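Participant: Based on what follows, work out the 3D shape:
(2 chains)
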Amino acid sequence: MGFAATAREDTGFRAVLELADDCLVLGHRLSEWCGHAPTLEEDLALANMGLDLLGQARALYAHAGEIEGKGRGEDDLAFLRRERDYCNCLLVERPNGDFAVTMARQLYFSAFMQPFWRALAASSSDATLAGIAAKAEKEMAYHLRHSGEWVIRLGDGTEESAERMQAAIDELHRYTGEMFLISPARRDAIAAGILPDPETLRPEWERTIATVFAEAGLTAPEVRVPQTGGRDGLHGEDMGHLLAELQFMQRAYPGQTW
Amino acid sequence: MTTEALTPLWEVFIRPRNGLHHRHVGSLHAADSAMALQAARDVYTRRGEGNSIWVVRSADIAASDPSFAEPMFEPADDKIYRHPTFYDIPDEVGHM
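Facilitator: Okay, here's the model as predicted:
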């Protein structure tokens, strides 16, 4: 069941699935910090943000399952697909790295998703999706503020924090282009008025990032080789490890519930 | 610099609802007031505890001296007439 086949079968399902996978995978990454964050305050902040994303993923998977109409629910879609069937962008699956990497990843993602959800809530022809978006937009506005404040303080902090923050930007910037990439499923969803065209959101994203970087004293690197492939199910080697942990419980004890 | 110097202690006050006053709920460490407000939101309002937050540096709070507590507070103990309990309140007033 590769990308090409599913894209032809049901573009609406696939377009929602892309969003759901982004939220699930990034939410899972944030959950990995639980008990390991630098301070108690940040441990809670990271878990809170992870739970926001998990909540968004649940709503999106449930909606995707309804669109698909084959009886698959949120658990089936979240836990019982193979790696190649996940269509999240590569940015969200990047390993947590140090705290700077985690905050850079959160900044890049939320700076895109906040205006994305806002535009979707205002204009989508899919009322359920618009409802999910209205709630998600507020959550992403907080993620953006929180990660932005940290990036500013780390970039404009000590010599070591500035070095690490710049290294995180240098490492992750190449993955940001994929958020604007228009997959076949997304193209159809844009044409149907379900999703906003990400290209219309690019100026705001660039302005947000530039504002934070200016205050943080960071320099966005020139991206020579943008990294893409996640929307086609082509993931980095860390994705398999992530899914092993994410899926273990449902694979080991099928159908288990709380 | 020490951790305390980089992220000093802040006292957190939450207002549960409009019309009520802010109440002290706890403390946390943060680099500055903006980060302290975010940390307070994440630590103390996860279950809908409030709609407004104040933070103040713990070091900026002037506290009464515990060893001077008796002269400070005991003189009030026998001034029972200061409590408004010697009035008959008409039933029509209801709960006060």
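
Participant: Which residues of chain B lie near chain A?
Facilitator: Within reach of chain A by C-beta under 8 Å from any C-beta of the partner chain, chain B has these residues: B:7, B:28-31, B:34-35, B:38-39, B:41-43, B:46. (C-beta placed from N, C-alpha, C; glycine too.)

Participant: change it to 10 Å
Facilitator: B:1, B:3, B:6-7, B:10, B:28-32, B:34-46 (C-beta under 10 Å from any C-beta of the partner chain).

Participant: Report the buried members of those.
Facilitator: Among these, those classed as buried by 16 or more other C-beta atoms under 10 Å in any protein chain shown are B:7, B:10, B:28-30, B:35-45.

Participant: Looking at the residues of chain B next to chain A, which are in strands?
Facilitator: B:10, B:28, B:29 (DSSP state E).

Participant: For the closest residue to residue A:229 other than its chain neighbours, list the residues it contacts.
Facilitator: Nearest residue to residue A:229, sequence neighbours excluded (C-beta to C-beta, 6 or more residues apart in numbering or on different chains): residue A:90, at 6.5 Å. Residue A:90 sits next to A:25, A:172, A:174-179, A:226-231, A:234-236, A:238-239 when contact means C-beta atoms under 10 Å, 6 or more residues apart in numbering or on different chains.

Participant: Helices along chain B, start to end?
Facilitator: B:3-6, B:33-44, B:69-73 (DSSP state H).

Participant: which other helices and strands contact the longest one?
Facilitator: The elements that helix B:33-44 packs onto, with contact taken as 3 or more C-beta pairs under 10 Å, 6 or more residues apart in numbering or on different chains; DSSP states H and E, are helix A:40-68, helix A:127-155, strand B:9-15, strand B:23-29, strand B:52-57.

Participant: Next, residue A:235: phi, psi?
Facilitator: Main-chain dihedrals, residue A:235, degrees, to the nearest 10: phi -110, psi 170.

Participant: looking at it, it is touching residue A:175, isn't it?
Facilitator: No: contact criterion C-beta atoms under 10 Å: residue A:235 and residue A:175 do not qualify, at 11.9 Å.

Participant: Who has more neighbours out of the two?
Facilitator: residue A:175 (23 against 20; other C-beta atoms under 10 Å in any protein chain shown).

Participant: my read: the more buried one touches residue A:230, true?
Facilitator: Yes: counting by C-beta under 10 Å, residue A:230 is a contact partner of residue A:175 at 8.7 Å.
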